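Q: can't give you the sequence, but here's the structure:
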C-alpha cells in the first residue's frame with residue numbers, strides 16, 4: 001500500500017505511465033471529455049474536491065514542465081488564475097482560447113474531473129523528465 005503521494009490507483013497508474021511531453025487534463029464539472037479519452041471522475045459534490053486540491057495533489061506527484069490554461073480564466077476566474085501563477089512559478093505557462101483548450105483535450109492521456117463548479121477551472125499539465133534530486 002502506498003503511504004504518500006496520489007493514492008487513487010487510476011491516477012497513480014496514469015502518472016507512472018507518462019512519458020516526456022505526454023499530458024493530462026484536470027477539469028471542472030462542465031468540461032466536456034472527448035470520445036476515446038479516459039475520464040477519472042473525482043467529483044463528489046459541487047466544489048468537492050476543488051480544482052486547487054486536485055492540482056496540488058497531482059503536481060506534487062508529477063514532474064510538470066508546462067501548464068496550459070484557457071485565456072478566459074484570467075477574467076472569468078481570477079482566483080484560479082492567481083492560484084495557477086503562484087503554484088507553477090518557474091514552469092512554462094501557456095494560454096489559449098477555451099475552444100483551443102477543448103481541442104487539446106483530445107490528445108490527453110486522461111481527463112480528471114474535479115467537483116469544481118467555477119468557470120474555466122481547467123488546466124493541462126505536461127510531463128517533464130525527472131532526473132532525481134540534484
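A: Perfect, I can see it now. This one's a predicted model, so the numbers in the text were calculated from it and none came from an experiment.
Q: going forward, measure contacts and count neighbours with C-alpha atoms only.
A: Noted.
Q: how far does stretch 48-65 sit from the chain's center?
A: 7 Å (CA atoms, centre = their mean, to the nearest Å).
Q: And it, what's buried?
A: Buried residues in stretch 48-65, counted by 16 or more other CA atoms under 10 Å: 49, 50, 51, 52, 54, 55, 58, 59, 62, 63, 64, 65.
Q: Please identify the one among these that lies nearest to residue 6.
A: Ranked by distance to residue 6 (CA to CA), those are led by residue 58 at 6.7 Å.
Q: What segments of this structure are helices?
A: Assigned by DSSP state H, the chain shows helices spanning 9-17, 51-60, 73-76, 78-87, 98-104.
Q: The longest strand anywhere in the chain pairs with which strands, parallel or anti?
A: Criterion DSSP state E: the longest strand present in the chain is strand 64-70. Using DSSP bridges, strand 64-70 pairs in its sheet with strand 92-96 (parallel), strand 123-127 (antiparallel).
Q: Okay, buried residues for the first one please.
A: Buried residues in strand 92-96, counting neighbours by 16+ other CA under 10 Å, are found at 93, 95.
Q: Residues contacting it, please?
A: By CA atoms under 8 Å, 6 or more residues apart in numbering, the residues outside strand 92-96 that reach it are 65, 66, 67, 68, 69, 70, 71.
Q: so what's the closest residue to residue 39 other than its chain neighbours up against?
A: Spatial nearest neighbour of residue 39, excluding adjacent residues (CA to CA, 6 or more residues apart in numbering): residue 111 at 4.8 Å. Residue 111 sits next to 24, 25, 26, 27, 33, 37, 38, 39, 40, 105 when contact means CA under 8 Å, 6+ apart.
Q: can you rerun that using 7 Å?
A: Applying CA atoms under 7 Å, 6 or more residues apart in numbering to residue 111 gives the contacts 24, 25, 26, 27, 33, 38, 39, 40.
Q: Report the beta-bridge partner residues of it.
A: residue 25, residue 39.
Q: roughly how far apart are the nearest residue to residue 26 once chain neighbours are set aside and residue 28?
A: Counting by CA to CA, 6+ apart, the nearest residue to residue 26 once its immediate chain neighbours are dropped is residue 112, at 4.8 Å. As judged by CA to CA, to the nearest Å, residue 112 and residue 28 stand 9 Å apart.
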